[in-house]
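Asker: Sequence and predicted model, in that order:
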Amino acid sequence: QVQLVESGGGSVQAGGSLRLSCPAPIFACMAWFRQAPGKEREAVATFNYFESTAYADSVKARFTISRDNAKRTLYLQMNSLKPEDSAMYYCAVDSRLLGGCWRPRSEYSNWGQGTQVTVSS
């Protein structure tokens with residue numbers, strides 16, 4: 001088990017930017033999920049130890065997942081934010097590569113407590 005603590009959430013206006021951080025050692029799969037009230041937790045972006053990335057269609061070209069190896073931190077840069085991006089954002093990691101990192105939340109073994117992102121119109 002690893003302790004994950006997300007930071008960087010906050011309230012911004014539509015069109016603004018935020019960068020979320022999640023200090024963590026490298027894992028086979030690392031991901032950002034989000035969950036809005038009344039909705040399922042969904043994958044937003046994933047990153048594997050080959051530095052391959054994947055994104056939900058709704059955030060492509062706006063969000064960037066990356067990892068700073070020196071700082072041992074996973075990031076999610078969020079630009080051109082929309083009100084529909086408002087949610088609790090979670091960092092998740094797993095030591096298994098399996099068939100890829102784009103997989104259900106049940107297949108991620110380590111989770112942070114989340115950081116709230118609120119985007120106003």
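Answerer: In hand now; what should we look at?

Asker: C-alpha only now, for contacts and for neighbours.
Answerer: Noted.

Asker: spatially speaking, which residue is in the middle of the protein?
Answerer: W32 (1.9 Å; CA atoms, centre = their mean).

Asker: pLDDT at that residue, what is it?
Answerer: pLDDT for W32: 98.

Asker: you'd agree it is up against A87?
Answerer: No: W32 lies out of contact with A87 (CA atoms under 8 Å); the separation is 11.7 Å.

Asker: helix/strand/coil for the residue nearest to the centre of the chain?
Answerer: Three-state call for W32 (DSSP: H, G, I helix; E, B strand; the rest coil): strand.

Asker: Identify the residue spatially nearest to it, adjacent ones excluded.
Answerer: Closest residue in space to W32, ignoring its immediate chain neighbours: C91 at 4.8 Å, by CA to CA, 6 or more residues apart in numbering.

Asker: just the strands in the chain please.
Answerer: Counting by DSSP state E, the chain has strands at residues 10-13, 18-23, 29-35, 42-48, 53-55, 63-68, 73-78, 87-94, 110-111, 115-120.

Asker: Next, count neighbours for R41.
Answerer: Other residues within reach of R41, judged by other CA atoms under 10 Å, total 17.

Asker: list the contacts for the closest residue in space to it that isn't next to it in sequence?
Answerer: Nearest non-adjacent residue to R41, counting by CA to CA, 6+ apart: Q35, 4.3 Å away. Applying CA atoms under 8 Å, 6 or more residues apart in numbering, we find Q35 in contact with R41, E42, A87, M88, Y89.
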